[in-house]
Each structure stands twice: as C-alpha cells, then as structure tokens.
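Participant: Following is a predicted model, sequence given first.
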Amino acid sequence: MKTHIYDLKFKDADGHEHFMKEYEGKVVLIINLPAEPEYTEQLADLEHLYRKHKEVGFNVLGFPSEDFTRRMPVANLLAGNKEKDAYTPAFPIMETVHVRGKDMHPLFQYLTEGKSALFKNQVKWDYTKFIISREGRVVSRHSPRTPILQLEDEIRQLLSG
C-alpha cells in the first residue's frame with residue numbers, strides 16, 4: 001500500500017488519470033455511489049454542500065460502484081415520478097470501481113485499511129463517506145445513513161483550520 005493518500009491515482013468517468021495530489025490543500029469528501037444513482041435527498045444535500053463550499057477549498061469525489069446489488073432504502077425526492085431520473089452532479093465523478101473485495105481500488109484500500117474494527121476494514125454499502133483534511137489525513141468516516149448536512153460543521157472546521 002502507498003504511504004500517503006497523495007501518492008494514489010484514479011481515473012475519472014472519461015478515463016483520464018488523476019492523482020490525489022491534485023487535491024492537496026483541499027478538504028475532500030470521498031463518497032461511493034451506486035453505479036446509476038437516482039436523485040436522493042443525500043445527493044441533493046451533497047450537491048448543495050459542494051456548491052456552497054467549493055470556492056473555499058472543498059471538493060467532493062464520487063466513485064460509482066456496482067459492488068452492492070441490493071439497494072439500501074434511501075428516500076427518493078422524485079418518488080412520485082414514474083420515470084427514473086438519472087442524476088448528474090456538479091462535483092467530479094470517477095470511473096466505476098470496486099470499493100470492497102479482492103479487486104478493491106487502491107484508494108479504498110487506503111481509506112479502509114487499519115481503521116477501526118467497527119467498520120471491519122471495508123465499505124459496507126453505497127453512500128459511505130470519508131472526509132480528508134487539507135494535509136491528506138483521513139479525518140473521519142461516516143455510514144451510508146449519516147445525513148450529508150450533518151457533516152457540514154466538521155467540513156467547515158477543517159476549511160477554517
């Protein structure tokens with residue numbers, strides 16, 4: 001495993017290679033998403049948080065994954081709509097990766113290895129969130145059920161510190 005998060009690389013949805021080093025000095029929220037997310041309350045709040053704080057050094061990296069075939073029930077803001085609406089966020093979306101198992105992407109290996117046994121060193125479901133400090137430290141990890149807006153105070157503190 002790499003010694004620092006800034007040594008890791010990944011590809012965006014268009015196949016262009018990026019390095020975490022590009023995000024040095026920024027507060028980053030990394031989230032694994034369903035491969036084809038519907039517009040949910042979590043994603044609406046994530047979009048709001050990103051737009052509100054991006055000018056002061058906040059970024060969101062969304063990593064789609066097909067590792068979870070059953071979907072965790074998340075309130076769909078468009079539930080009354082008979083058609084499934086695809087979600088296209090303003091924040092960067094990366095290529096589809098594995099976030100668990102033997103083919104786990106190196107970034108998610110880094111984010112989960114050596115962490116609390118409470119999490120069993122794996123991503124449990126879509127919408128698991130990791131917050132990275134400006135210095136590249138994994139500051140916190142949040143469950144899929146943690147509301148996005150509950151993270152705003154922590155993100156604000158990291159941005160101001």
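Facilitator: Thanks, I have the structure now.
Participant: Low-confidence regions, this protein specifically.
Facilitator: 1-2, 37-39, 69-88, 114-120 (pLDDT under 70).
Participant: what comes up buried for the longest helix along the chain?
Facilitator: The longest helix of the chain (DSSP state H) is helix 41-53. Applying a neighbour-count criterion of 16 or more other Cβ atoms under 10 Å, one finds 42-43, 45-47, 49-50, 53 buried in helix 41-53. (Each C-beta comes from the backbone N, C-alpha and C, glycine too.)
Participant: just the strands in the protein please.
Facilitator: Remark: strands assigned in the chain by DSSP state E are 9-11, 17-19, 27-34, 58-65, 129-132, 138-142.
Participant: In CSV: these, plus distance to residue 94 and mean neighbour count.
Facilitator: Putting those into CSV (distance: least, Cβ to Cβ, whole Å; neighbours: other Cβ atoms under 10 Å) gives the following:
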stretch, distance to residue 94, mean neighbour count
strand 9-11, 5, 16
strand 17-19, 8, 12
strand 27-34, 9, 24
strand 58-65, 5, 21
strand 129-132, 14, 22
strand 138-142, 17, 17
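Participant: Which among those strands is found nearest to residue 106?
Facilitator: strand 9-11 (8.1 Å; Cβ to Cβ).
Participant: which residues sit against the closest one?
Facilitator: 17-20, 63, 94-95, 97, 105, 107 (Cβ atoms under 8 Å, 6 or more residues apart in numbering).
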